[in-house]
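Chemist: okay, here's the prediction I keep looking at, along with the sequence it came from:
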Amino acid sequence: MAATARSRRATPRALAEPLAVRLGLTALALAFLGLFLVVPLAAVFSEALAKGVRAYLDAVHEPMALSALKLTLLTAGIAVPLNLVFGLAAAWCIAKFDFPGRSALTTLIDLPFAVSPVISGMIFILLFGRTSPLGPWLQDHGLQVVFAVPGLVLATVFVTFPFVARELIPVMEAAGTEEEEAARVLGAGGWQTFRRVTLPSVKWGVLYGVILCNARAMGEFGAVSVVSGHIRGKTNTLPLHVEILYNEYQFQAAFAVASLLTFLALVTLVAKSVVEWRAGRSPASLPPEPAEAGEGGTGGAR
Amino acid sequence: MSIEVRGVTKRFGDFVAVNDVSLVVPSGELVALLGPSGSGKTSLLRIIAGLERADAGQVLFEGEDATGRDVRRRGVGFVFQHYALFRHMSVFENVAFGLRVRPRATRPSATEIREKVMGLLKLVQLDWLSDRLPSQLSGGQRQRVALARALAVEPRMLLLDEPFGSLDAKVRQELRRWLRRLHDEIRLTSVFVTHDQEEALEVADRVVVMNQGRVEQIGSPEEIFERPATPFVIRFMGNVNVFHGRVQSGKAHLGPLALDYPEHPHAEGRSAAGFTRPYDLDVERDAGAGGGFWATLRHATPAGAVVRLELEGEEGAVLQVEIPRDRHEALRPELGERLYLRPRQVRVFLDPPEAGPRA
């Protein structure tokens, strides 16, 4: 008995189910995972390579695909830093300060999650489109927002807006404000307190939020589709490009480009796992009071 | 540096945390703010530190108005109840923090910081742990790191919020004495908050007893203990037997007790209460000269040098008495026996005029 208890991760004996049940549940979970995750993923890559590596490389190297890849990276590259700054600022003021409208702001941050991405895209058409109140002014100044890169960026920023803030608010709230107060009393200014105390204590949360935000920014379809106008080589991001290829019955090329997107997603997942693993080991995320025997002496502690 | 608080009031919504409090902490003294939770002691400490803004009143340092002064420019060292150490920094970096965030012009060099920090860690006997993270320390060690960190900026006063609150009894005892010794060494004006009267009496030069946002009494530990100013103080400082009754024309009739009370010579009666500590009651077998009352022994518990007795007086009133062990040996009272209790000392306080006798 002692041996079984010690082996593996010591599941309490009372909680151990019969072997058949455990195997059954595991098999069920694996089958589900296989059916809904592994098979589609494998299908993407097998379809992409269906006509050989050559055709795959051609599809990926094709100028329209490359331009879509560039645009996707550019959009994410602008949207993610913006949302990082916004998320940090929002989380900081929501978690560390009490002010009128605090709960309203918290709710507002969730708005992009609550509305359909298509509607998010529509909002920008209504705001900046030709028939919008801002339309004539934008036209006079030669500014193209909708059906152009700025529109894509705006839509992406809007849709990915909650990720960093949502990730950080609970972490910052859990950390409380005592450390910040301690920093203030010790003479640190607002910026110093933020940079030296607040930020390091939530750095893994920040990274995690950025990764999630980035994943969504690169994969966003609905909102982007509405504001893009689908101008090939100009306003097509990777997800939109996949759709176009697919609609034109270029299945192999569609899947080849989709595999690029999948690859980006996998990289993101790996990065996320690494962050989780590092965060789990980092002292900053350890509970403040580990169960530890009282240390006895103050006098002859040496 | 001396601290003076003048008429400070602080409200949180409808709740008055600090109600028109005034007190003076002379330079170099160690003062305890003592009171039950919710008595406003921590709020007052935070107002002195500048972490909280008073709704009314003034805070003066060395006679100079510091009410609106920013917390960073007050020159206070603050030790938080839960230490508030920077979790991601080593012990060394925690202590060095206050020096590192100084503007370049006044920031010491890296070697100076190193010397200073190690010196302080030596003072709190933790120099051998300088590379550890706070999460790797015990409660007592964290407390001392917090103290070293507060001292690193050379504060002109030290403010401690429940400094020993979250430590176990033994460590708390040791740290208490250590703090007292440290204070005797560095003579820094210090104020600490506690809800533990024993702690306040043992460590402080002067004790401020607070209740419901007000100061009940300010005095040396002896004064607080020997001459409590209010019924609250006498109750808060330890177990006490209470006798309710009335005073009139220089006499007090409090339950079974009748005594002279020249402080109230008026013919018009007032309700009042008498307080007697368990060790201020003599236990006899016979009434002798009188001045006491009879009660029945219900329990006897030996507790070191004393024996605690619980007796039942008239109408079921429970009385607590402590007698020295040898007295108990000599008397050998039996459970259920009628004994004569004679108070050596009774403190009488008039009840507030508007309220009736307290329950």
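Modeler: Cool, the structure landed.
Chemist: ok, for the residue nearest the centre of chain A, nearest residue in space, not its chain neighbours?
Modeler: By C-alpha atoms, centre = their mean, chain A has its centre lying nearest to A:Leu212, at 1.2 Å. Counting by C-beta to C-beta, 6 or more residues apart in numbering or on different chains, A:Phe163 is the residue found nearest to A:Leu212 once chain neighbours are left out, at 4.8 Å. Quick note: C-beta positions are derived from backbone N, CA and C, even for glycine.
Chemist: again with B:Arg144
Modeler: For B:Arg144, the closest residue by C-beta to C-beta, 6+ apart turns out to be B:Val124, at 3.9 Å.
Chemist: hang on, isn't that neighbour packed against B:Arg142?
Modeler: No - counting by C-beta atoms under 8 Å, B:Val124 stays clear of B:Arg142, with 10.8 Å between them.
Chemist: just to revisit the earlier point, so what pLDDT did the residue nearest to B:Arg144 get?
Modeler: Listed pLDDT for B:Val124 reads 86.
Chemist: could you do A:Leu286 as well?
Modeler: Predicted confidence (pLDDT) for A:Leu286: 40.
Chemist: and for B:Glu314?
Modeler: Taking B:Glu314 on its own, its pLDDT is 80.
Chemist: count the neighbours of the closest residue to it other than its chain neighbours for me.
Modeler: Nearest residue to B:Glu314, sequence neighbours excluded (C-beta to C-beta, 6+ apart): B:Pro256, at 6.1 Å. Residues near B:Pro256, counting by other C-beta atoms under 10 Å in any protein chain shown, number 17.
Chemist: from A:Glu179, how far out is B:Pro256?
Modeler: Going from B:Pro256 to A:Glu179 by C-beta to C-beta, to the nearest Å gives 57 Å.
Chemist: before we move on, what about B:Val208?
Modeler: Going from B:Val208 to A:Glu179 by C-beta to C-beta gives 28 Å.
Chemist: now swap in A:Ala256 and tell me
Modeler: 50 Å.
Chemist: same thing with B:Ile234?
Modeler: For B:Ile234, the distance to A:Glu179 equals 40 Å [C-beta to C-beta].
Chemist: for B:Phe15, same thing?
Modeler: 26 Å.
Chemist: and those two? which has more neighbours close in?
Modeler: Using other C-beta under 10 Å as the criterion, B:Phe15 and A:Glu179 rank with A:Glu179 on top: 23 against 11.
Chemist: and that one, that's in a helix?
Modeler: Yes - counting by DSSP: H, G, I helix; E, B strand; the rest coil, A:Glu179 is part of a helix.
Chemist: ok, now which ones touch it?
Modeler: Applying C-beta atoms under 8 Å, 6 or more residues apart in numbering or on different chains to A:Glu179 gives the contacts A:197-198, A:201, B:84-87.
Chemist: of all those residues, which two lie farthest apart?
Modeler: With C-beta to C-beta as the measure, no two of those lie farther apart than A:Thr198 and B:Leu85, at 14.7 Å.
Chemist: tell me how many other residues crowd residue 76.
Modeler: All of this is about chain A. 23.
Chemist: looking at chain B here, not the other one
Modeler: 27.
Chemist: mind listing the helices for the stretch 51-200 of chain A?
Modeler: A:52-61, A:63-96, A:102-109, A:111-114, A:117-128, A:135-140, A:149-160, A:162-175, A:178-185, A:190-193, A:199-201 (DSSP state H, counting those that start in this stretch).
Chemist: going by mean pLDDT, which of the ones you listed comes out lowest?
Modeler: Looking at the helices of the stretch 51-200 of chain A, the weakest mean confidence is helix A:135-140, a mean of 82.
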